[in-house]
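[1] Next come a sequence and a model predicted from it.
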Amino acid sequence: MAAEDITALLQLVARKDRQAFAGLYRATSAKLYGIVLRILRRRDLADEVLQEVYVRIWERAGDYRADKASPISWMAAIARNRALDEVRRRTPDSIEDHPEVQDMPSEEETGLAVLLRSEDGKKLWECLDRLQPDRRSMIVQAYCEGMTRDELAASYAQPVNTIKTWLRRSLVQLKGCLS
Amino acid sequence: MTDNEDIDALAGEFVIGTLDAQERTMVAARRLREPDLDSAILAWERRLSPLNEIVGETPPRDELFAKLLRRIDGQSESSLDGSTVVQLRRRLEFWRATALAASAIAAGLVLFVGVGQFASRSKQPNLVAVLQKDAASPAFLVTVNIDDRLMTVQPIAAKHPEGKSYELWIVQDSLGAPKSLGVIDQGTAATRPTLAAYKPDVIASATYAVSLEPEGGSPTGKPTGPVVFAGKLVPSTR
């Protein structure tokens, strides 16, 4: 569904149009569920968070401003924030020890090619490509999988302060490249 | 590093998601009052949003939409099932230990009395929040009885600010701007009915933040000073 169509649906949802809400859910829930499940890795938690995300969209659709973000970015930001809040409230054990935990293939590096589909994505791809490979994958992994500095430190076998420095330097580099 | 770069780095890390729970809560509370931080966060969301394309789509179960509609109709089901409570127990015990350790230094036996009161008053689990700047410095313990919506605010290690007052705020998306829950009294636990106006799910999911205000509280009804402590409620196990 095109961005304009989703924007139109959001405007109707702001007026509490239930049919539009159903349409919006049909068009976007697989995307948002993919995002929250990736971070939470448990379907029971992702189910709960997804509902909260759409309740928020139902309540806050009127706040969406088309000049500030694409509709799907706006909704994805709500979903990511809620999923990150939830995963941070939990100890890593409560996720890992759970029978329902999803084994997710890490497709990010190859999946980066999908960035080439949009203009903004192409630009971001070029700028990510200028980072050192391990810094690039760290940024992408953190964003997509919701990893903390501690988890990145373990995964990249570096002290946590080094990770923080790398992250912040990479962000500065990315911002410079994108502006 | 200048302040601007600092804000930008913090916003960037907030968006990529690498901050821990306390840091996230802090940033979420700060962005409501700091337009620079808020726009830095929005800018990072915009820059990185193409990455959302990388994560594959997964359709949710069909039944979920019907559940969602029920929730919108106000027939919401509690999100706090038994297993959630069990998982939160360890965390809570850690906070309790931290809170008790801090109080032993700062407030002697006062907190033990406070804890005893909230632990035994109700059959329903109480909700507890430790308001703090970071994990090492809890400042206030907030307990909420969800049955009667009574809230107790217990100072743990907060130093009373000279010529200023601490004011407590409830912060939740559905409320819009932060709403005042009143000025925190110096040195004593105070139980108050100020949550009576809020729905239980709002109370349970809100962030509680303490700002530093002129003596007697904010003159405008909105926070005017810096947010110095913040935290979220978790269920107590008793």
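    Cool, the structure landed.

[2] hey, let's count contacts and neighbours off CA atoms from now on
    Noted.

[3] is any part of stretch B:7-17 close to chain A?
    Yes - under the criterion of Cα under 8 Å from any Cα of the partner chain, chain A is reached by stretch B:7-17 at B:9, B:12-13, B:15-17.

[4] got a pLDDT number for residue B:96?
    Per-residue confidence for residue B:96 comes out at a pLDDT of 53.

[5] So if we follow the domain assignment, how does chain A break up?
    Following automatic domain parsing, one finds the domains of chain A at A:1-102, A:105-179.

[6] cool, chain B as well?
    Taken from automatic domain parsing, chain B resolves into B:1-74, B:83-235.

[7] circling back: let me know the closest of the residues of stretch B:7-17 next to chain A to residue A:151.
    Of all the residues of stretch B:7-17 next to chain A, residue A:151 sits closest to residue B:17, with 11.7 Å by Cα to Cα.

[8] dump the residue contacts of the closest one.
    Residue B:17 makes contacts with A:84, A:142-143, A:146-148, as judged by Cα atoms under 8 Å, 6 or more residues apart in numbering or on different chains.

[9] give me that answer again for 10 Å
    Contacts for residue B:17 (Cα atoms under 10 Å, 6 or more residues apart in numbering or on different chains) come out as A:39, A:80-81, A:83-85, A:88, A:139, A:142-149, B:11, B:24.

[10] Could you check how far the residue sitting furthest away from the middle of chain B is from chain A?
    Here chain B has its C-alpha centre computed as a mean, and the residue farthest from that point, by Cα atoms, centre = their mean, is residue B:62 with 33.0 Å. Distance of residue B:62 to chain A, given as Cα to the nearest Cα, to the nearest Å: 10 Å.

[11] just residue B:32 next, same as before
    Counting by Cα to the nearest Cα, the separation of residue B:32 from chain A is 15 Å.

[12] Repeat that for residue B:179.
    In this structure, residue B:179 and chain A are 18 Å apart, going by Cα to the nearest Cα.

[13] If that residue is in a bridge, with which residues?
    Per DSSP bridges, the residues bridged to residue B:179 are residue B:170.

[14] pretty sure residue B:22 is touching residue B:133, no?
    Yes - shown here, residue B:22 and residue B:133 form a contact pair, counting by Cα atoms under 10 Å, at 7.7 Å.

[15] Could you pull up phi and psi at the residue farthest from the centre of chain B?
    Phi and psi for residue B:62, reported as degrees, to the nearest 10, are phi -60, psi -40.

[16] again, but for residue A:66
    Geometry field for residue A:66 lists phi and psi as phi -60, psi -20, criterion degrees, to the nearest 10.

[17] Not counting its neighbours along the chain, what's nearest it?
    With Cα to Cα, 6 or more residues apart in numbering or on different chains as the criterion, residue A:66 has its nearest non-adjacent residue at 7.3 Å, and that residue is residue A:7.

[18] Just the CA atoms of the helix or strand residue A:27 falls within, as CSV, please.
    If you go by DSSP states H and E, residue A:27 is part of helix A:18-40. Backbone C-alpha positions of helix A:18-40 (Å, rounded to 0.1, in the frame of the first residue of the first chain) are rendered in CSV as follows:
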residue,chain,number,x,y,z
ARG,A,18,-13.2,1.5,12.7
GLN,A,19,-13.3,0.3,9.1
ALA,A,20,-10.2,2.4,8.3
PHE,A,21,-8.6,1.0,11.4
ALA,A,22,-9.2,-2.5,10.2
GLY,A,23,-7.7,-1.5,6.8
LEU,A,24,-4.7,0.1,8.5
TYR,A,25,-4.2,-3.1,10.6
ARG,A,26,-4.4,-5.3,7.5
ALA,A,27,-1.9,-3.2,5.6
THR,A,28,0.7,-2.7,8.3
SER,A,29,0.4,-5.4,11.1
ALA,A,30,2.8,-7.9,9.4
LYS,A,31,5.4,-5.2,9.1
LEU,A,32,5.0,-4.0,12.7
TYR,A,33,4.7,-7.6,14.1
GLY,A,34,7.9,-8.5,12.3
ILE,A,35,9.7,-5.6,14.0
VAL,A,36,8.4,-6.3,17.5
LEU,A,37,8.9,-10.0,17.2
ARG,A,38,12.5,-9.5,16.1
ILE,A,39,13.2,-7.5,19.2
LEU,A,40,11.2,-9.5,21.7
